[in-house]
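1. below is the sequence, then the predicted model.
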Amino acid sequence: MDRIVFGRTLVDGTPDDSGPRIEVDSDCPTLAKLREATGPLRSNPVTGEWGAGLVSADETDGEYSISLGIVPAGAGGPDEHVHPNCAERFVVVEGEVVFSVDGEDRTLTAGNGVTVSPGTPHTFRNDSDSLASFTVEIRPSDQTRGVITTLFGLAHEGTVRDDGQPKFLRGMVLADSTAEDTYFTSPPRPVMKVLTTIFAPIGRALGYRAIEPKYAEESFWREHVEQPDWDEIDATRSTADD
């Protein structure tokens, strides 16, 4: 089966071969799920992650949203965090993902899932040597997709730390703006509250926002990320089937 390459960062319209890429078989489950996306493929060139929306909050009046996440081999995932008011349902599409829920690790493979109840600490990672993908349903939908999209966009513009997290003052604005949706377990919530009370106003005065509208524009991602060429993929699959 021929391999398909996409997801590279575009530099003046040309894919950058030195950075992260998605390289998969043309009939892989990740591609099949990505074909359902309602918008462009997004990427974080710092962490090597990709994402795409499958069902938006606008389509469900905020009842839920569904996204596809694609993580490279060895990806560490986000810091442990909590969503106080929403549940998340993760289902592995391809590969193997370790989900840590309330301190307990569970390694899941394709077709298996886990539900994270509101208020439960959790994170995920890819300990394997292969790419993995999963869907995540957030119910009710919150600001998570917008925040992640903003972090991905900032990474493309070189304004995040080496670990893909926002720099301090922007991070304070983000933490303060999304505290009702998401908070990290470290530092403790009372400590973070003190920090955001002091520093978030400074960040806002400098123009920082938790969600940057320009990164919600499809054009930004089509200019910065190599999208899958579905005509080429279909032709490759047709040739392979002959």
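-> Okay, I see it. As the structure is a prediction and not an experimental result, all values here were calculated from the model.

2. what's Leu34 sitting at in phi/psi?
-> With angles defined as degrees, to the nearest 10, Leu34 sits at phi -60, psi -30.

3. next up, the contacts around it.
-> Leu34 sits next to 41, 52, 68, 70, 228 when contact means Cβ atoms under 8 Å, 6 or more residues apart in numbering. C-beta coordinates here come from the backbone N, C-alpha and C atoms, glycine included.

4. roughly how far does it sit from Gly146?
-> 20 Å (Cβ to Cβ, to the nearest Å).

5. same check, this time on Thr107
-> Taking Cβ to Cβ as the measure, Thr107 falls 30 Å from Gly146.

6. the two: which has the busier surroundings?
-> Gly146 (19 against 12; other Cβ atoms under 10 Å).

7. that one should be in a helix, yeah?
-> Yes. Gly146: assigned to a helix according to DSSP: H, G, I helix; E, B strand; the rest coil.

8. which pLDDT value belongs to it?
-> The score at Gly146 is 92. That number is its pLDDT.

9. which residues are in contact with the residue nearest to it when sequence neighbours are not counted?
-> Nearest in space to Gly146, with sequence neighbours left out and distances taken as Cβ to Cβ, 6 or more residues apart in numbering, is Ile211 at 4.2 Å. For Ile211, the contact set (Cβ under 8 Å, 6+ apart) comprises 143, 146-147, 149-150, 177.

10. for those residues, which one is nearest Asp27?
-> Using Cβ to Cβ, the shortest approach to Asp27 within those belongs to Thr149, at 28.7 Å.

11. run through the residues that contact the closest one.
-> Contacts of Thr149 (Cβ under 8 Å, 6+ apart): 42, 51, 211, 215-216.

12. are any of those buried, and which?
-> Buried members of the contacts of Thr149, counted by 16 or more other Cβ atoms under 10 Å: 42, 51, 211, 215.

13. lowest pLDDT pick from these?
-> When those are compared by pLDDT, Ile211 scores lowest at 94.

14. lowest-pLDDT helix or strand in the chain?
-> When the helices and strands of the chain are scored by mean pLDDT, DSSP states H and E, helix 230-241 comes last with a mean of 82.

15. the residue positioned nearest the centre of the chain in helix, strand or coil?
-> Closest residue to the average C-alpha location of the chain: Gly51 at 4.7 Å, with Cα atoms, centre = their mean. Following three-state DSSP, Gly51 is assigned to strand.

16. so it is in contact with Ser65, correct?
-> No. Taking contacts as Cβ atoms under 8 Å, Gly51 lies outside contact range of Ser65: 11.8 Å.

17. what residue ranges in this structure score low on pLDDT?
-> Applying pLDDT under 70 to the chain flags residues 1, 240-242.

18. before we move on, back to that, am I right that the residue nearest to Gly146 is in a strand?
-> No. When the secondary structure is assigned by three-state DSSP, Ile211 falls in coil instead of a strand.

19. quick check on it: phi, psi?
-> phi -120, psi 120.

20. equivalent analysis for the one 5 residues further on, please.
-> Phi and psi for Ala216, reported as degrees, to the nearest 10, are phi -80, psi -10.

21. turn the contacts of Ile211 into TSV, including distance to Asp58.
-> Compiled in TSV, those are given as follows (distance: Cβ to Cβ, whole Å):
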residue	distance to Asp58
Gln143	14
Gly146	12
Val147	17
Thr149	14
Thr150	18
Ser177	20
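
22. which members of these are the farthest-apart pair?
-> Pairwise over the contacts of Ile211, using Cβ to Cβ, the maximum falls at Thr149 and Ser177, 14.3 Å.

23. just the contacts of Ile211 now: which is nearest Val46?
-> Of these, the one sitting nearest to Val46 (Cβ to Cβ) turns out to be Thr150, at 13.5 Å.

24. can you tell me the helix or strand for that closest one?
-> Secondary structure assigned from DSSP states H and E places Thr150 in helix 144-156.
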